[in-house]
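>>> below are the sequence and a predicted model; questions follow.
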Amino acid sequence: MPNARSLRESADKGVQTMARLAYDQFGLDLGEGKEGLIESRLGKKWKQRGLASLSEYCAFVESDQTGQALTELIDALTTNHTSFFRESKHFDFLKATVFPLWRGRREIPIWSAACSSGEEPYSLAITLLEELGADAAGASILATDISTRVLAAAGKGLYASESFPRPMPAWLGKYLLRGKGSYEGWIQIKPEVRRLVRFGQVNLIQPLPKMQLFAAIFCRNVMIYFYRPTQEQVVNRLGACLEPGGYLFVGHSESLSGIEHGLEYICPATYRKPGGRRSR
Ligand SMILES: C[S@@+](CC[C@H](N)C(=O)[O-])C[C@H]1O[C@@H](n2cnc3c(N)ncnc32)[C@H](O)[C@@H]1O
């Protein structure tokens, strides 16, 4: 019979193995002080799968060729929490400062780089259509996440009606379809909005696929999970994907101070790549 000490040692080993796996695969900071989080978030997972320990669960995730176990793991370790028009200051800044620069552009490529279930890219698409009208014709939003589960939900563009601001402003209603019958209580994003958004899987800690340069990148509320060196690497990779004068938006709780990057600080959680046109 294993005694309490050997059980604890084996649990500690499992936690260390998982912290390493989460770092290697996703760049996650699950080091010192996060042992409880690993145990509480993953305790059920390995038991549900009939495995004997966290170490066995790590081995299972590493050997799974489908990628499903990795998705399940990232979903358990990070949160997919998001909402429509989250951190509204960014939307105010877009309207006041950035959109005037984008009027008349033939192409406006935007990247929502950890888009979760789609609320962020759809909020951007709706804001572009509402504010730029015909000038939004060249806008396209690449919306990516590491989790195929949230991407599948995002692609449907179907949300519970409570997901939207209450009371719903009349202008917002123009872009949404209210469900009827068995879809009562659900709202579908209209095709003219969905047409602007395309979804795909990108792991931000791996070398990025070859992409066009973006006029703006939203990478909000994901870097908070990364170790500082990983954050620096991700910010620099994103910076390289911005056109001169392009904007990087990070979450308001994610400071880039102490990180070496070549971007100009504009206002909280908002950075700009030097060059390009400036607003007056
Ligand atoms: C809290 S949500 C943020 C959603 C949205 N950007 C917002 O601010 O509302 C964080 C998202 O980051 C994703 N994520 C975590 N690690 C990632 C990685 N290495 N690469 C890409 N996405 C990742 C998660 O799957 C999750 O959907």
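Now that the structure is in, tell me what you want to look at.
>>> show me how this protein divides into domains.
As assigned by automatic domain parsing, the chain contains the domains 4-77, 88-272.
>>> go through those and find the least confident stretch.
Least confident of the domains of the chain, judged by mean pLDDT, is domain 4-77 with a mean of 85.
>>> how far is it from where the chain is centred?
22 Å (CA atoms, centre = their mean, to the nearest Å).
>>> list the buried residues of the helix or strand containing Asp75.
Element membership of Asp75 [criterion: DSSP states H and E] is helix 68-77. Buried residues in helix 68-77, defined by neighbour count with 16 or more other CB atoms under 10 Å: Ala69, Leu70, Thr71, Glu72, Leu73, Ile74, Asp75, Leu77. Yep, even glycine has a C-beta here, placed from its N, CA and C like the rest.
>>> beyond the longest strand belonging to the chain, next helix or strand please.
For the chain, the longest strand by residue count, based on DSSP state E, is strand 242-250. Next along the chain after strand 242-250, taking DSSP H and E as the criterion, comes strand 264-267.
>>> pull up the pairing partners for that next one, direction included.
strand 270-272 (antiparallel) (DSSP bridges).
>>> does Tyr247 have beta-bridge partners, and which?
With DSSP bridges as the rule, Tyr247 is bridged to Ala216, Arg272.
>>> for it, what are its contacts?
By CB atoms under 8 Å, 6 or more residues apart in numbering, the residues touching Tyr247 are Val98, Ala215, Ala216, Ile217, Ile266, Thr270, Tyr271, Arg272, Lys273.
>>> from the chain's centroid, how far away is stretch 229-247?
For stretch 229-247, the distance to the chain centre is 15 Å (CA atoms, centre = their mean).
>>> ugh, typo on my part, it should be stretch 264-279
Distance, centroid of stretch 264-279 to centroid of chain: 21 Å (CA atoms, centre = their mean).
>>> can you check stretch 80-90 too?
The answer for stretch 80-90 is 11 Å, by CA atoms, centre = their mean.
>>> what residues of that stretch count as buried?
In stretch 80-90, counting by 16+ other CB under 10 Å, buried: Thr82, Phe84, Phe85, Arg86, Glu87, His90.
>>> could those be laid out in TSV, adding secondary structure?
Listed next are the buried residues of stretch 80-90 as TSV, based on DSSP: H, G, I helix; E, B strand; the rest coil:
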residue	secondary structure
Thr82	coil
Phe84	coil
Phe85	coil
Arg86	coil
Glu87	coil
His90	helix
